[in-house]
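**Q** task: produce atomic coordinates for the following.
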Amino acid sequence: MVGIALATAAGMLASSTGIFPLSLLFSAAALSVGTAFIFMRKSEVPIFAVVALTAALRFGLTDPDLAADSINRTEMLNVRAGVKGRIAGEPRFYAYPDGVEGTWTFPVQCLEYAVSNKWKTTSGSIDLQIHAAPVNIDFETGDLLLVHGWLAEKTFPGKNRLELEVKAGNWKRLERGGGFSPGRWGRSLRDSLAPRLEQGMRRMPVQLAVLKALVLGFREDVPRETIDVFKRTGSMHIFAISGLHVGIVGFLLALVLKMLGLPRGKFGLVLIPLLGLYVLSTGMKSSALRALLMAAVFLLAPLFKRKPDIPSSVAFAAVVLLYFQPLEILSPGFIFSFTVVSFLVMAFSAVPRHWVQGPWIKTYAVSLVITSVAAGSAAIPLTALFFGRFSPIALLGNLIVVPLTFCIVLCGWLSIVLPFVSSVFNHAAAVFIDLLLGSVHLLDWIPGGNRAVEPPSLIAVLLWLGSQVAIFTACTTRRQREVAIGCALCAVCLVLFGG
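**A** A predicted model of the protein is given here:
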């Protein structure tokens, strides 16, 4: 399964370059299928080739952006353009310092576009940004909009390579989104749960904003200066609804099912739909979907009399996400999520078993250190590549931030599940949030803990990550370890000396 996931990612990344025409991919895929039938008993290479070419086709058949086939890119970029389309994702609002106005951002599935008042039919999607807009606009997924602004190509990697910047007043809603929308229903569920986290917290706006962000994914209310501190210390990952959050919710639900007397082998039949509702309500981010799919594989394995396998679970989650959402392969969130969790799996597989056995305090402490080192080995170079920041302090920070985040999320969900004592758990969460904020501010103060850097070359990042993978999985002799360490040092030298 791991090989299939790697082949899928390789095929989609190759297709994303635009070098290979669809006709060539179709021909190569057909040829590889025939070859696989002939040689599949002798080698697995033809099978991986079929998977890679199929993935490349899947990506190539996806409309990545407005400029895919139907428009002249040079005609529209950096000029005023009009777009008619429907909101295709969750609208997010980022407030300005005055708290009154801000920027709305969301993806739009395009139907028509215009340059010089000449309208043409199109397809694909763009990212829309409406600046200097009030907070009380009730955008909804499915709304049909007519907007005018400046279309530009993004230099930052992401799902859509084009974005339209619009000033307030240069947009019009033509039609309300109708019908059932899972995303809209999930957000309504999240909105109905949020008041329970607000009980007793009205006079602590920062703590309330952090609590709602960590538990339900409401990141928009967290002050910008607070977000900046978490970014500088490499701790921003705690705001992504991920395995930690899904695990806590699953743990609480499992306790309830155990008290109700449900056999452990059938927990998955109840837990998976409930965890799916949670992931749906928090925006269906890559990290949350990955955790949900991994949990599904684990929970359903006993029903099929199979033993859960962590690497295969991660690989299965990646393949499913990419085939349903091919553009995720270009998303920093997807890359961060799966790279970090893969490093965690490799690290825990490589350490001697007796390291994580014995008294629970020792086991927890050792596991926390391994988690911090493994996650840092993956996250630090990716943070430098995508965000231009080098944060070695994150290795220390994770030892503090992760346990506090666990306590905050646990208190938050106890507040939601037990509304008659919500204030008690909310105030308990506020204590942990104060400790969290104080810790990250202290980490941010340490000289040399983080600094802005020029993004390293992709070769250096790949060389570093590849050397770590080799150390965790393939190095069985001293000579092999020396070669892997040498590759890691070469990556560091490339960064230091401008490679």
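**Q** going forward, measure contacts and count neighbours with C-alpha atoms only.
**A** OK.
**Q** helices of the stretch 151-300 of the chain, start to end?
**A** 182-198, 205-216, 224-232, 243-259, 267-281, 286-300 (DSSP state H, counting those that start in this stretch).
**Q** now the ones you listed as JSON lines including mean pLDDT and mean neighbour count?
**A** Formatted as JSON lines, the helices of the stretch 151-300 of the chain follow (pLDDT from 0 to 100; neighbours: other Cα atoms under 10 Å):
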{"stretch": "helix 182-198", "mean pLDDT": "80", "mean neighbour count": "17"}
{"stretch": "helix 205-216", "mean pLDDT": "90", "mean neighbour count": "23"}
{"stretch": "helix 224-232", "mean pLDDT": "86", "mean neighbour count": "17"}
{"stretch": "helix 243-259", "mean pLDDT": "82", "mean neighbour count": "17"}
{"stretch": "helix 267-281", "mean pLDDT": "84", "mean neighbour count": "19"}
{"stretch": "helix 286-300", "mean pLDDT": "79", "mean neighbour count": "23"}
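**Q** same list (these) but as TSV, adding distance to residue 366.
**A** Supplementary listing: the helices of the stretch 151-300 of the chain in TSV, determined by distance: least, Cα to Cα, whole Å:
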stretch	distance to residue 366
helix 182-198	33
helix 205-216	25
helix 224-232	24
helix 243-259	18
helix 267-281	29
helix 286-300	23
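**Q** can you report how many residues lie near residue 88?
**A** Other residues lying near residue 88 total 20 when counted by other Cα atoms under 10 Å.
**Q** now do the same contact list for it.
**A** Residue 88 makes contact with 106-109, 141-142, according to Cα atoms under 8 Å, 6 or more residues apart in numbering.
**Q** make it 7 Å
**A** 107-109, 141-142 (Cα atoms under 7 Å, 6 or more residues apart in numbering).
**Q** which of those residues lies closest to residue 305?
**A** residue 141 (41.0 Å; Cα to Cα).
**Q** I'd guessed the closest one sits against residue 87; true?
**A** Yes. Using Cα atoms under 7 Å, residue 141 is in contact with residue 87, at 5.0 Å.
**Q** any common contacting residues for those two?
**A** By Cα under 7 Å, 6+ apart, no residue touches both residue 141 and residue 87.
**Q** centroid-nearest residue for the protein?
**A** Residue closest to the average C-alpha location in the chain (Cα atoms, centre = their mean): residue 333, at 3.4 Å.
**Q** now that residue: how far from residue 285?
**A** In this view, residue 333 and residue 285 are 8 Å apart by Cα to Cα, to the nearest Å.
**Q** circling back: out of the helices of the stretch 151-300 of the chain, nearest to residue 3?
**A** Comparing the helices of the stretch 151-300 of the chain by Cα to Cα, helix 286-300 comes nearest, at 17.0 Å.
**Q** got a list of contacts for that closest one?
**A** By Cα under 7 Å, 6+ apart, helix 286-300 touches 240-243, 246, 267-268, 272, 275-276, 279, 308, 313-314, 317, 333-334, 337.
**Q** try 6 Å
**A** If you take Cα atoms under 6 Å, 6 or more residues apart in numbering as the criterion, helix 286-300 is touched by 241-243, 268, 308, 313, 317, 334, 337.
**Q** closest to residue 362 among the contacts of residue 88?
**A** residue 107 (46.8 Å).
**Q** now the closest one, which residues is it bridged with?
**A** Beta-bridge partners for residue 107, by DSSP bridges, are residue 127.
**Q** list the contacts for it?
**A** Residue 107 sits next to 88-89, 126-128 when contact means Cα under 6 Å, 6+ apart.
**Q** could you export these as a markdown table, including distance to residue 119?
**A** Formatted as a markdown table, the contacts of residue 107 follow (distance: Cα to Cα, whole Å):
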| residue | distance to residue 119 |
| --- | --- |
| 88 | 21 |
| 89 | 24 |
| 126 | 17 |
| 127 | 19 |
| 128 | 19 |
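**Q** looking at neighbours, which among those residues is most surrounded?
**A** residue 126 (28 neighbours).
**Q** isn't that one up against residue 163?
**A** Yes. Using Cα atoms under 6 Å, residue 126 makes contact with residue 163 at a distance of 5.3 Å.
**Q** which single one of the contacts of residue 88 is nearest to residue 413?
**A** Checking these one by one against residue 413 (Cα to Cα), the nearest turns out to be residue 141, at 27.0 Å.
**Q** next secondary structure element downstream of the worst-scoring helix or strand of the chain on mean pLDDT?
**A** Here the helix or strand of the chain ranked lowest by mean pLDDT, DSSP states H and E is helix 73-76, holding a mean of 50. Next along the chain after helix 73-76, taking DSSP states H and E as the criterion, comes strand 79-87.
**Q** what sits up against the helix or strand hosting residue 470?
**A** Per DSSP H and E: residue 470 is located in helix 458-473. Under the criterion Cα under 6 Å, 6+ apart, residues 346, 350, 484, 487-488, 491 lie in contact with helix 458-473.
**Q** keeping just the C-alphas, turn it into PDB.
**A** What follows is helix 458-473, C-alpha atoms only, in PDB (Å, rounded to 0.1, in the frame of the first residue of the first chain):
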ATOM      1  CA  LEU A 458      13.900  22.100  -3.200                       C
ATOM      2  CA  ILE A 459      16.900  19.800  -3.800                       C
ATOM      3  CA  ALA A 460      18.200  20.600  -0.300                       C
ATOM      4  CA  VAL A 461      14.800  19.900   1.300                       C
ATOM      5  CA  LEU A 462      14.400  16.600  -0.600                       C
ATOM      6  CA  LEU A 463      18.000  15.600   0.300                       C
ATOM      7  CA  TRP A 464      17.300  16.200   4.000                       C
ATOM      8  CA  LEU A 465      14.000  14.400   4.000                       C
ATOM      9  CA  GLY A 466      15.400  11.500   2.000                       C
ATOM     10  CA  SER A 467      18.300  11.100   4.400                       C
ATOM     11  CA  GLN A 468      16.000  11.000   7.400                       C
ATOM     12  CA  VAL A 469      13.800   8.400   5.700                       C
ATOM     13  CA  ALA A 470      16.900   6.300   5.100                       C
ATOM     14  CA  ILE A 471      18.000   6.600   8.700                       C
ATOM     15  CA  PHE A 472      14.600   5.500  10.000                       C
ATOM     16  CA  THR A 473      13.900   2.700   7.600                       C
END
